[in-house]
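# when you get a sec, could you give me coordinates for this:
(2 chains)
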Amino acid sequence: KQEVTQIPAALSVPEGENLVLNCSFTDSAIYNLQWFRQDPGKGLTSLLLIQSSQREQTSGRLNASLDKSSGRSTLYIAASQPGDSATYLCAVRGDDGGGQGNLIFGKGTKLSVKP
Amino acid sequence: DAGVIQSPRHEVTEMGQEVTLRCKPISGHNSLFWYRQTMMRGLELLIYFNNNVPIDDSGMPEDRFSAKMPNASFSTLKIQPSEPRDSAVYFCASSPRLVNEQFFGPGTRLTVL
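Model (predicted):
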């Protein structure tokens, strides 16, 4: 059974710092991996989607990498800002041969960026 | 595009009452997902539909939970009877195809007293 772990559970950094959020998964047979952001009391906003054949994806100050063989993904945030404060969730889609595996979520890393 | 729309945003009810949560997916999206989020268990997939057909309901916790998608623009999640342990935030998400990026609604915060 696929398990997704995100460490640390919470992280506090000063504004301007570059930071890395970690996601690990137990079953390397994945179809894709998605990073989300969740603001308090709100829904999830999709940040980046990496297909299993890709090594990384970039969007603005965000860069997500994927190492399928080791079961790891990282989300790199450059020059962090107070507006980046949120909970970041990693979700893995299993590959049952048809790419129809369910999304399995980690419990998230709560990021706080201090001005 | 209005995004995924959920109603109500908040629901407070008493144990034993029927609760119906509603979702309107993004127009043109063929897949719809219902999730539940709690502090203890995080985000869990309850059920998903593809082209209005339920594909996997193995995440539905009990027979008290049911979901329907009568057409491409509307889905409901019903709990009957509700129990205090059903208290959670329920999210609906949609995607263009089953394996594509999912887009989430704002959620319904359910409190069962």
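# for the spatially most central residue of chain B, which non-adjacent residue is spatially closest?
Closest to where the C-alpha atoms of chain B average out (Cα atoms, centre = their mean) is B:W34, at 3.4 Å. Excluding the flanking residues, the one nearest B:W34 by Cβ to Cβ, 6 or more residues apart in numbering or on different chains is B:L46, at 4.5 Å. All C-beta atoms are positioned from the backbone trio N, CA, C, and that covers glycine.
# I'd assumed B:S75 was in contact with that neighbour.
No: using Cβ atoms under 8 Å, B:L46 makes no contact with B:S75, being 11.4 Å away.
# find residues that contact each of those two.
Listed as contacting both B:L46 and B:S75 by Cβ atoms under 8 Å, 6 or more residues apart in numbering or on different chains are B:34, B:67.
# quick one: which of those two has more around it?
B:S75 (25 against 20; other Cβ atoms under 10 Å in any protein chain shown).
# tell me what the more buried one is bridged to.
B:C23 (DSSP bridges).
# which ones are touching the nearest residue to B:N71 once chain neighbours are set aside?
Spatial nearest neighbour of B:N71, excluding adjacent residues (Cβ to Cβ, 6+ apart): B:N52 at 6.6 Å. Shown in contact with B:N52 (Cβ under 8 Å, 6+ apart): B:69-72.
# go again using 10 Å as the cut-off
With contact set as Cβ atoms under 10 Å, 6 or more residues apart in numbering or on different chains, B:N52 has these partners: B:30-32, B:68-75.
# just curious, which of those residues is nearest to chain A?
The nearest member of those to chain A, counting by Cβ to the nearest Cβ, is B:S31 at 9.8 Å.
# I figured that closest one hits B:S94, correct?
Yes: using Cβ atoms under 10 Å, B:S31 makes contact with B:S94 at a distance of 6.4 Å.
# and these two? Which one has more around it.
B:S94 (26 against 21).
# for that one, which non-adjacent residue is closest in space?
Using Cβ to Cβ, 6+ apart and skipping residues adjacent in sequence, the residue nearest B:S94 is B:P25, 3.4 Å away.
# quick one, phi psi at the one you found?
phi -70, psi 170 (degrees, to the nearest 10).
# quick one: contacts for it?
B:3-5, B:31-33, B:49, B:69, B:72-75, B:92-95, B:103, B:105.
# restricted to strands, list those.
B:5, B:31-33, B:49, B:69, B:74-75, B:92-95, B:103 (DSSP state E).
# name the nearest of the residues you listed relative to A:A78.
Nearest to A:A78 among these: B:F103, at 25.1 Å, using Cβ to Cβ.
# secondary structure element for B:S66?
Assigned by DSSP states H and E, B:S66 belongs to strand B:65-71.
# which strands and helices sit next to that strand?
strand B:19-24, strand B:31-38, strand B:42-50, strand B:53-56, strand B:74-79 (3 or more Cβ pairs under 10 Å, 6 or more residues apart in numbering or on different chains; DSSP states H and E).
# residues in contact with the last one?
In this structure, residues lying in contact with strand B:74-79 by Cβ under 10 Å, 6+ apart are B:5-6, B:11, B:13, B:17-25, B:32-34, B:36, B:46-47, B:49, B:52, B:54, B:60-62, B:64-70, B:86, B:90, B:92, B:94, B:108, B:110, B:112.
# done for today, thanks.
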